[in-house]
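Asker: The following block contains a protein sequence and its predicted model.
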Amino acid sequence: MDTLALWQQYQDWLYYNPDLEIYLDISRTGVTTQDLAQLQPKFSQAFADMNALEAGAIANPDEGRMVGHYWLRDANLAPSPELTKEITDSIQQIQTFVAQIHSGQIAPPQGGKFTDVISIGIGGSALGPQFVSQALAPDHPPLTIHFIDNTDPAGIDRTLSHVENRLVSSLVLVISKSGGTPETRNGMVEVQEAFRKRGLVFADHAVAITMAGSLLSQQAESNGWLAIFPMFDWVGGRTSELSPVGLLPAALQGIPILELLAGAKIMDVATRVAEIKTNPAALLALSWYVIGQGRGEKDMVVLPYKDSLQLFSRYLQQLVMESLGKEKDLAGNTVNQGIAVYGNKGTTDQHAYVQQLRDGLNNFFVTFIEVLADRPGDSVDVEPGITSGDYLCGLLLGTRQALFEKGRPSLTITVPDASAKTVGALIALYERAVGLYGFLINVNAYHQPGVEAGKKAAAVNLALQKQLVKTLQQEARPLKLTELALIAGAEAQAETIYLLLRHLAANQRGVKIQGPPTKPGELLYSWQR
Ligand SMILES: O=P(O)(O)OC[C@H]1O[C@](O)(CO)[C@@H](O)[C@@H]1O
């Protein structure tokens, strides 16, 4: 296609939202008007399904749950006055609590004001808060946030070492919708221990964000924690950034949460339009569908050309992959759906994997995110008439062009700035696009049955570990693996037994292993007394 025809195509497909000043360009995706016509019936159904979802239908049938994240930024849309009140009350509770923390009205028992936040949570209870913190926290926030989002002991130590002697003035947020996620529980237990060692009372620093009645909520209540904020049954972890899960940590850092919500609300209005070409989320879903043949055949590479938006791709990884990566469709057919997501930031990635994107496997499409405002204030010239920001723009355009020349699709979202309003809008845009795409491919985008398998297997392995330790403690002589497996009643688990014991031995946890590491089947295992 010649450049003039391409320019025409750009104009024909360009979407612009005047309230958000956000553009979406899908002219380099290969989407045609025939695709639009062909997919219209599917979209009509998806728009109707989305209306039903927003009206309170049980859109997550496996879990029997409503899907209400859109109500979070327009509480009047909630299907009952009780839910409307729950939402508005939660925002009010956040604002009141944060004002009291910032003013020192709620303060650490040892005096002064709270200076740091240790946020413990995983998946949807971490990724949104991390993304928004990196995108929007001021350079000198009223409270500095630190995340524990794993059960990695060294990672926990590192986070606590960043807090250093400010544990005494740290607020601890324990964030878990279910209130029973082991990694989060472990992080909490480790932090509680750090407080105990310093002679500090954990409850005086602790805040829970969880569903009413959960284990975490019971614990917080019975131990007299500082506060408990609600997480709602009808909000999924990966769409919880604009619930207390995301709003409380953001507000503590001085991020204007009402602007986040306002940006999302405007985007919600724009993505409720039941016409593909004037609905940016529908245009995204259409592009994903056409590019990946409705089967996710191409990976989504997300490249924000702005350092502060770097974690957007990691945030989207969960939103897209946990929502769409499903074995069965809603009719029970095996479909193995999904779209793989990765990315970091431009132009940095240009000096890493963009080589393959241009010349290697053609198994992806790029989403460029362009931020028009370079920085507040003026820029220096890095060469006559050219700034660093001009380079950022030029390199984005250059990469987009270079990919197109080689038949590699891309789409570009252009935002005016990386403000709270814009970030809220981007979150809402992708929540809706994922929802619409889920309807197009007929999967339940709101459950995550696949994650359970790994969790169950881990629990079985830890029970086996306890059994092995008991067996070794009761045996006076070293045992071969086959003997140990037999006594422990786990003959079929030889490999797992070996791997569990090797880990214990490496951490001086009482297990002694003798023999050549190259022959795991011949090793002798005993308990060090
Ligand atoms: O907030 P919770 O209940 O601790 O769950 C954390 C994450 O774990 C998952 O359930 C997956 O295991 C995610 O969907 C969720 O965001």
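Answerer: Great, that's in hand. Residues are numbered from 1 along each chain as shown.

Asker: burial of S169, as a residue count?
Answerer: By other CB atoms under 10 Å, 18 other residues sit near S169. Every C-beta, even on glycine, is put in place using the N, C-alpha and C of the backbone.

Asker: same question, the one 10 residues further on
Answerer: G179 has 23 neighbours, counted by other CB under 10 Å.

Asker: ditto for D62
Answerer: 13.

Asker: Tell me which residues are up against the helix or strand hosting E483.
Answerer: Using DSSP states H and E, E483 sits within helix 481-487. The contact list for helix 481-487 (CB atoms under 8 Å, 6 or more residues apart in numbering) reads 468, 471-472, 475, 479, 491, 493-494, 497-498, 520-521, 523, 525.

Asker: and the residue in the stretch 351-500 of the chain that the ligand sits nearest to, what is it in contact with?
Answerer: Nearest to the ligand, among the residues of the stretch 351-500 of the chain, is V451, at 3.9 Å (CB to the nearest ligand atom). Contacts here follow CB under 8 Å, 6+ apart; on that basis V451 touches E322.

Asker: Show me what from the stretch 1-150 of the chain comes close to the ligand.
Answerer: Counting by CB under 6 Å from any ligand atom, the residues of the stretch 1-150 of the chain close to the ligand are 122-125.

Asker: got the CA positions of stretch 498-518 in PDB?
Answerer: C-alpha atoms of stretch 498-518 as PDB (Å, rounded to 0.1, in the frame of the first residue of the first chain):
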ATOM      1  CA  TYR A 498      14.200 -36.100  46.000                       C
ATOM      2  CA  LEU A 499      13.500 -32.500  45.000                       C
ATOM      3  CA  LEU A 500      11.900 -31.700  48.400                       C
ATOM      4  CA  LEU A 501      14.700 -33.200  50.400                       C
ATOM      5  CA  ARG A 502      17.400 -31.500  48.300                       C
ATOM      6  CA  HIS A 503      15.800 -28.200  49.000                       C
ATOM      7  CA  LEU A 504      15.700 -28.900  52.800                       C
ATOM      8  CA  ALA A 505      19.300 -30.000  52.800                       C
ATOM      9  CA  ALA A 506      20.400 -26.900  50.900                       C
ATOM     10  CA  ASN A 507      18.800 -24.800  53.700                       C
ATOM     11  CA  GLN A 508      20.300 -26.800  56.600                       C
ATOM     12  CA  ARG A 509      16.800 -27.900  57.700                       C
ATOM     13  CA  GLY A 510      18.000 -31.200  59.300                       C
ATOM     14  CA  VAL A 511      18.200 -33.400  56.200                       C
ATOM     15  CA  LYS A 512      21.500 -34.900  55.400                       C
ATOM     16  CA  ILE A 513      22.200 -36.300  51.900                       C
ATOM     17  CA  GLN A 514      25.200 -38.600  51.200                       C
ATOM     18  CA  GLY A 515      26.400 -39.700  47.800                       C
ATOM     19  CA  PRO A 516      27.100 -38.400  44.300                       C
ATOM     20  CA  PRO A 517      24.700 -35.600  43.200                       C
ATOM     21  CA  THR A 518      24.900 -36.900  39.700                       C
END
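
Asker: tell me which residues of it are tucked away?
Answerer: 498, 500-502, 504-505, 511-513 (16 or more other CB atoms under 10 Å).

Asker: roughly how far is that stretch from the heart of the chain?
Answerer: 35 Å (CA atoms, centre = their mean, to the nearest Å).

Asker: now swap in stretch 344-359 and tell me
Answerer: Using CA atoms, centre = their mean, the offset of stretch 344-359 from its chain centre is 23 Å.

Asker: what does it rub up against?
Answerer: 301, 303-307, 309-310, 313, 343, 364, 366, 368, 391-392, 395-396, 399, 402-403, 406, 408.

Asker: same deal with stretch 22-40?
Answerer: Here stretch 22-40 has contacts from 6, 9-10, 12-17, 267, 276-277, 280, 283-284, 286-287, 289-291, 365, 400, 403-404, 409-416, 422, 425, 429, 440, using CB under 8 Å, 6+ apart.
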